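Asks: dropping a prediction and its sequence here:
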Amino acid sequence: MILDRILEHKKAELRHKQSRSYLADLKAAIRDAPPTLGFAVTLDATKPSSSPALIAEVKKASPSLGLLRPEFSEKFDYLTLAHTYHEHGASAVSVLTDKEFFQGDLQYLEAIKRALPIPALNKEFMVGEVQFYEARAHGADAVLLIVAALERRQLTDFYALATELGMDCLFETHHEKELDTVLEWIPTARMIGINNRDLKTFTTDLNVTFRLAQRIPSDKLIVSESGIHSRDDVTKLIEAGVHAMLIGESLIRAEHTADKVRELLGLGSSSAPSA
């Protein structure tokens with residue numbers, strides 16, 4: 001299973017980061033860092049709207065597809081991509097920082113945060129405390145907690161640590177059992193993510209969102225993730241009560257990213273140059 005392979009590698013990776021000096025450096029960077037931007041507050045500000053808020057993903061590659069665009073083998077212009085998202089209506093960005101499987105980097109997150117005035121999610125497989133300090137030190141306003149990858153005690157402990165560091169948490173679920181775990185163990189959770197991608201097979205199905213959204217209390221922000229390709233998909237998400245959508249591959253692989261952003265948001269095409 002792909003998720004198991006990723007988590008196994010991530011834990012091995014973290015063992016090489018367990019030094020007091022590294023953690024001390026991260027804490028020093030956090031002390032000098034500006035306050036975080038409210039990720040959940042930003043998404044909430046889009047309601048009511050003709051479209052869910054867009055969390056646009058900066059992503060170079062995936063385990064199933066490899067490089068998302070051929071030219072990324074020569075240069076991954078993540079800053080231009082992030083600027084395109086922002087200029088054409090994205091409310092926030094999600095930045096892949098895993099190196100081994102997604103060819104990401106924490107430096108992408110840091111550079112994007114310096115360049116753009118919108119909140120950023122550190123898209124990472126969080127399995128250890130040091131990753132939260134890394135995320136905050138590199139500018140993250142929110143972190144992803146994948147319920148399928150964590151035990152209940154880890155969820156509560158990691159949520160507390162992220163909150164202490166000033167970051168919001170997006171709890172990612174895929175099944176009813178995972179959703180119930182969040183609702184029972186983290187009653188103050190603000191953002192509930194529904195991943196339409198099965199992390200065992202990497203196939204996507206929007207029906208996962210339609211099914212789980214019905215079980216989520218009205219005081220939560222529902223974020224649909226993956227498998228969103230057209231304005232028709234977005235219309236169905238609106239009908240399901242979704243507040244935000246996290247989209248990467250369909251934006252990046254589009255011929256004109258700017259036009260794809262505007263299409264999904266229902267804004268019409270743009271005459272401006274596109275990434």
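Replies: Thanks, I have it.

Asks: can I get the CA coordinates of stretch 102-121 in PDB?
Replies: Written as PDB, here are the backbone C-alpha positions of stretch 102-121 (Å, rounded to 0.1, in the frame of the first residue of the first chain):
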ATOM      1  CA  PHE A 102       6.200  14.000  -4.300                       C
ATOM      2  CA  GLN A 103       9.500  15.800  -5.000                       C
ATOM      3  CA  GLY A 104       8.500  18.600  -2.700                       C
ATOM      4  CA  ASP A 105      10.500  20.800  -0.400                       C
ATOM      5  CA  LEU A 106      10.000  22.900   2.700                       C
ATOM      6  CA  GLN A 107      11.900  25.700   0.800                       C
ATOM      7  CA  TYR A 108       8.900  25.900  -1.600                       C
ATOM      8  CA  LEU A 109       6.600  26.600   1.300                       C
ATOM      9  CA  GLU A 110       8.900  29.300   2.700                       C
ATOM     10  CA  ALA A 111       9.500  31.100  -0.600                       C
ATOM     11  CA  ILE A 112       5.800  31.100  -1.400                       C
ATOM     12  CA  LYS A 113       4.800  32.500   2.000                       C
ATOM     13  CA  ARG A 114       7.300  35.300   1.600                       C
ATOM     14  CA  ALA A 115       5.900  36.100  -1.900                       C
ATOM     15  CA  LEU A 116       2.100  35.800  -1.300                       C
ATOM     16  CA  PRO A 117      -0.300  37.400   1.200                       C
ATOM     17  CA  ILE A 118      -2.600  34.300   1.400                       C
ATOM     18  CA  PRO A 119      -2.500  31.400   3.900                       C
ATOM     19  CA  ALA A 120      -0.600  28.200   3.200                       C
ATOM     20  CA  LEU A 121      -1.200  24.600   4.200                       C
END
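
Asks: now the strands for the stretch 101-250 of the chain?
Replies: Taking DSSP state E, counting those that start in this stretch, the strands of the stretch 101-250 of the chain run over residues 120-123, 142-146, 168-173, 191-195, 221-225, 244-247.

Asks: switch those strands over to JSON lines; also include mean neighbour count.
Replies: Quick note: C-beta positions are derived from backbone N, CA and C, even for glycine. JSON lines is the format used below for these (neighbours: other Cβ atoms under 10 Å):
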{"stretch": "strand 120-123", "mean neighbour count": "28"}
{"stretch": "strand 142-146", "mean neighbour count": "25"}
{"stretch": "strand 168-173", "mean neighbour count": "26"}
{"stretch": "strand 191-195", "mean neighbour count": "26"}
{"stretch": "strand 221-225", "mean neighbour count": "26"}
{"stretch": "strand 244-247", "mean neighbour count": "27"}
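
Asks: could you dump those strands into CSV and include mean pLDDT?
Replies: As requested, those are arranged in CSV below (pLDDT from 0 to 100):
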stretch, mean pLDDT
strand 120-123, 98
strand 142-146, 98
strand 168-173, 98
strand 191-195, 98
strand 221-225, 98
strand 244-247, 98
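
Asks: need those strands in a markdown table with distance to residue 68, can you?
Replies: Rendered in a markdown table, the data for those read as follows (distance: least, Cβ to Cβ, whole Å):
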| stretch | distance to residue 68 |
| --- | --- |
| strand 120-123 | 14 |
| strand 142-146 | 19 |
| strand 168-173 | 20 |
| strand 191-195 | 18 |
| strand 221-225 | 16 |
| strand 244-247 | 12 |
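
Asks: what segments of the stretch 51-200 of the chain are helices?
Replies: Assigned by DSSP state H, counting those that start in this stretch, the stretch 51-200 of the chain shows helices spanning 78-87, 106-115, 129-137, 152-164, 176-185.

Asks: now do the lowest-mean-pLDDT helix or strand in the chain against helix 129-137: the angle between them, please.
Replies: Using mean pLDDT, DSSP states H and E, helix 2-15 stands out as the lowest-scoring helix or strand of the chain, at a mean of 92. Orientation of helix 2-15 against helix 129-137 (axes from the mean of the first three to the mean of the last three Cα atoms, to 10 degrees) gives an angle of 80 degrees.
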